[in-house]
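Novice: the sequence isn't on hand, but the structure is:
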């Protein structure tokens with residue numbers, strides 16, 4: 001059955017020099033019309049196989065969120081091996097990350113395993129040459145370190161991004177770090193900026209490295225976030241002239257944060273009809289829908305619903321706390337409250 005989605009008008013250079021940016025542009029359509037919804041587009045590049053690579057050749061991927069029916073995917077600094085490369089592009093309804101199934105292999109797995117809604121016919125392009133001559137102004141940004149490695153909602157996360165001057169001249173720069181929502185959360189739709197801070201200025205001699213540290217606190221239950229780092233050269237903001245130099249370097253990193261989610265099912269009462277002066281056993285059911293084990297506490301109130309001889313409607317007539325309890329992902333916790341009803345009540 002043919003898909004109702006399609007990837008069309010894909011453009012990329014058929015010949016590119018080593019170590020130069022490689023950019024792919026394209027359009028995402030629904031019934032041949034521009035698709036303005038949210039969809040993740042993944043470009044997977046398979047390197048030319050070398051004689052020592054017995055299992056297969058390496059792969060690398062980049063992911064973007066298609067907006068207004070268009071997408072642009074860039075592999076920063078391109079590729080460092082001459083030869084013919086394979087290019088596969090696919091679109092997904094959820095965040096998708098392609099991982100190598102081994103240290104050096106073209107076999108890959110998708111995490112999570114969402115089915116592709118659209119894909120292109122496998123294409124090829126060629127990388128040649130020895131790469132560009134070193135530029136007087138050039139920087140490299142390594143993958144940031146995240147501490148703790150698991151992002152906890154409501155707690156501080158320390159993001160450290162190493163920035164190195166690999167040019168031939170000293171430069172004064174500022175660095176802007178943005179954190180962008182990748183998946184749906186309870187605070188922001190995909191593409192929303194949920195963290196933004198500028199650091200510097202820093203003066204870096206050729207070969208110097210500056211660690212940029214961002215103390216960021218995550219808010220809301222998020223499925224994944226991007227860290228986008230931008231470097232500005234001698235950026236000076238004034239009311240009259242604005243920045244005196246444009247942004248010239250940008251790099252994107254991906255951080256997956258856990259989903260923290262719980263479900264509280266209706267409690268079970270035994271006996272079902274509450275009798276005054278007798279014990280009613282109330283069994284609660286808490287489900288951990290999170291991606292990691294969670295330690296939780298449960299607080300229960302019994303509230304007067306109708307008029308009684310002890311409290312008006314809305315009054316809390318009894319309370320109980322349970323926990324702490326560690327619940328594994330997908331597991332249930334069933335605390336029990338043996339409660340005795342008091343007074344002549346009409347309902348609780």
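Specialist: Received, thanks. Keep in mind that what you see is a predicted model, and the values were worked out from it rather than measured. Numbering: from 1, shown residues only.
Novice: measure residue 180 to residue 65 for me?
Specialist: According to CB to CB, to the nearest Å, residue 180 and residue 65 sit 9 Å apart. No exception for glycine: its C-beta is placed from N, CA and C like everyone else's.
Novice: poorly predicted segments of the stretch 151-300 of the chain, please.
Specialist: Within the stretch 151-300 of the chain, the ranges that satisfy pLDDT under 70 run 151-153, 181-191, 220-261, 291.
Novice: where along it do the helices fall?
Specialist: In the stretch 151-300 of the chain, no helices are found when defined by DSSP state H, counting those that start in this stretch.
Novice: residue 82 is in contact with residue 17, correct?
Specialist: No: counting by CB atoms under 8 Å, residue 82 is not a contact partner of residue 17; they are 9.8 Å apart.
Novice: ok, now which ones touch residue 41?
Specialist: With contact taken as CB atoms under 8 Å, 6 or more residues apart in numbering, residue 41 is in contact with 7, 26, 28, 63-66, 71, 73, 89-92.
Novice: next one: stretch 40-54 to chain centre, how far?
Specialist: Counting by CA atoms, centre = their mean, to the nearest Å, stretch 40-54 is centred 24 Å from the centre of its parent chain.
Novice: which positions within it qualify as buried?
Specialist: Within stretch 40-54, the residues that count as buried by 16 or more other CB atoms under 10 Å are 40, 41, 42, 43, 44, 45, 46, 47, 48, 49.
Novice: who does the first one bridge with?
Specialist: Spelled out, that is residue 40. Counting by DSSP bridges, residue 40 is bridged to residue 65, residue 92.
Novice: tell me the spacing between it and residue 92.
Specialist: From residue 40 across to residue 92, the span is 5 Å (CB to CB).
Novice: same question for the third one.
Specialist: Here the distance between residue 42 and residue 92 works out to 7 Å (CB to CB).
Novice: cool, residue 29 as well?
Specialist: Using CB to CB, one gets 15 Å for the distance from residue 29 to residue 92.
Novice: got the contact list for the spatially closest residue to residue 147 that is not a sequence neighbour?
Specialist: With CB to CB, 6 or more residues apart in numbering as the criterion, residue 147 has its nearest non-adjacent residue at 4.6 Å, and that residue is residue 158. Contact analysis of residue 158 by CB under 8 Å, 6+ apart lists 146, 147, 213, 214, 215, 216.
Novice: which stretches of the stretch 151-300 of the chain form strands?
Specialist: If DSSP state E, counting those that start in this stretch is used as the criterion, the strands of the stretch 151-300 of the chain fall at 156-165, 171-181, 193-204, 209-217, 225-233, 247-255, 262-270, 279-288, 294-303.
Novice: out of the ones you listed, nearest to residue 123?
Specialist: Proximity to residue 123, assessed across the strands of the stretch 151-300 of the chain by CB to CB, is greatest for strand 247-255 (22.8 Å).
Novice: what is the burial count for the closest residue to residue 35 other than its chain neighbours?
Specialist: Closest residue to residue 35 apart from its sequence neighbours, by CB to CB, 6+ apart: residue 28 at 4.8 Å. By the criterion of other CB atoms under 10 Å, residue 28 has 24 neighbours.
Novice: now do the buried residues in the host helix or strand of residue 28.
Specialist: Take DSSP states H and E as the rule and residue 28 turns out to sit in strand 22-30. The neighbour-count criterion (16+ other CB under 10 Å) identifies 22, 23, 24, 26, 27, 28, 29, 30 as the buried residues of strand 22-30.
Novice: what distance do you get for the fifth one to residue 283?
Specialist: What it means is residue 27. According to CB to CB, residue 27 and residue 283 sit 55 Å apart.
Novice: cool, the fourth one as well?
Specialist: Distance of residue 26 to residue 283, given as CB to CB: 54 Å.
Novice: and the contacts of residue 158, which is closest to residue 341?
Specialist: For those, the nearest to residue 341 is residue 216 (48.9 Å; CB to CB).
Novice: dump the residue contacts of that closest one.
Specialist: By CB under 8 Å, 6+ apart, the contact list for residue 216 reads 156, 157, 158, 159, 179, 195, 197.
Novice: could you dump these into TSV with distance to residue 3 added?
Specialist: Below are these laid out as TSV (distance: CB to CB, whole Å):
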residue	distance to residue 3
156	43
157	38
158	43
159	38
179	33
195	35
197	41
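Novice: of those, which is the most crowded?
Specialist: Of all those, the highest neighbour tally under other CB under 10 Å goes to residue 179, namely 24 neighbours.
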